[in-house]
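Engineer: Show me how the following folds:
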Amino acid sequence: MTQSSAIRPAHIAIVTVSDRASRGEYEDKGGPGAEDWLRATITSPMIVSRRIIPDGRETVADCLRDLADHQGADLILITGGTGPAPRDQTPEAVADVIEKELPGFGEEMRRASLREVPTAILSRQTAGIRGASLLITLPGKPSAIATCLDAVFAAVPYCLDLIGAAWIETDPAYIKAFRPKK
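Structural biologist: Down below sits the predicted model:
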């Protein structure tokens, strides 16, 4: 069933969490990498917004609350801040704002990443729902972002359907979205 012509475009927010990138000392590659992946994969109308913010639990949580509660983001992809370093507090910030955790996302992203690098076990990827927003944490490197999104994105459109978010369709040549037959 195609619904893209009947409803609004999906608002997808990409948040880069990086002290250095937020200060302009480092080029953000994660945000553009995530956006490139989305534009190659999603065929339905979408609006993509991007933010670059510093690391820190409250900073990240405040940004996520704003995107979900005030900006109406259907899907929020958060790159960076998921490792074991002291300033890496993205998973804690996500835990502070979500209403339901979806641990299968993190499990599958780590499994896919472990096929490529042994340090994937250090990653603390997670996902969850706040209202009608799906939040997914990702690594900061574009190739790792692609690996993670390739691993989980087939379930994203149906999850968005279930929470009352915007309808999205994917190009089956990249990712075949799974929706149960009615």
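
Engineer: any idea how far Cys35 lies from Ile98?
Structural biologist: You called it Cys, but residue 35 is Glu. Distance of Glu35 to Ile98, computed by CB to CB, to the nearest Å: 23 Å. For the C-beta atoms, the positions are set from N, CA and C on the backbone; glycine is no exception.

Engineer: same thing with Glu27?
Structural biologist: Here the criterion is CB to CB. By it, Glu27 lies 30 Å from Ile98.

Engineer: So which of the two has more stuff around it?
Structural biologist: Using other CB atoms under 10 Å as the criterion, Glu27 and Ile98 rank with Ile98 on top: 20 against 8.

Engineer: contacting residues for the more buried one?
Structural biologist: By CB atoms under 8 Å, 6 or more residues apart in numbering, the residues touching Ile98 are Gly128, Ile129, Arg130, Leu135.

Engineer: Just give me the closest of those to Ala85.
Structural biologist: Nearest to Ala85 among the contacts of Ile98: Leu135, at 20.9 Å, using CB to CB.

Engineer: My reading is that that closest one lies in a strand. Confirm?
Structural biologist: Yes - with DSSP: H, G, I helix; E, B strand; the rest coil as the criterion, Leu135 is part of a strand.

Engineer: what is it paired to in the beta sheet?
Structural biologist: Beta-bridge pairing for Leu135 (DSSP bridges): Ile76, Gly128.

Engineer: Pretty sure it sits against Gly106.
Structural biologist: No - Leu135 is beyond contact range of Gly106, at 11.7 Å (criterion: CB atoms under 8 Å).

Engineer: Which one's more surrounded, these two?
Structural biologist: Leu135 (26 against 22).

Engineer: Now do the contacts for the closest residue to Phe105 other than its chain neighbours.
Structural biologist: Distances taken as CB to CB, 6 or more residues apart in numbering place Ala127 nearest to Phe105, at 3.5 Å, with adjacent residues excluded. By CB under 8 Å, 6+ apart, Ala127 lies in contact with Glu101, Leu102, Pro103, Gly104, Phe105, Gly106, Leu134, Leu135, Ile136, Thr137, Val152.
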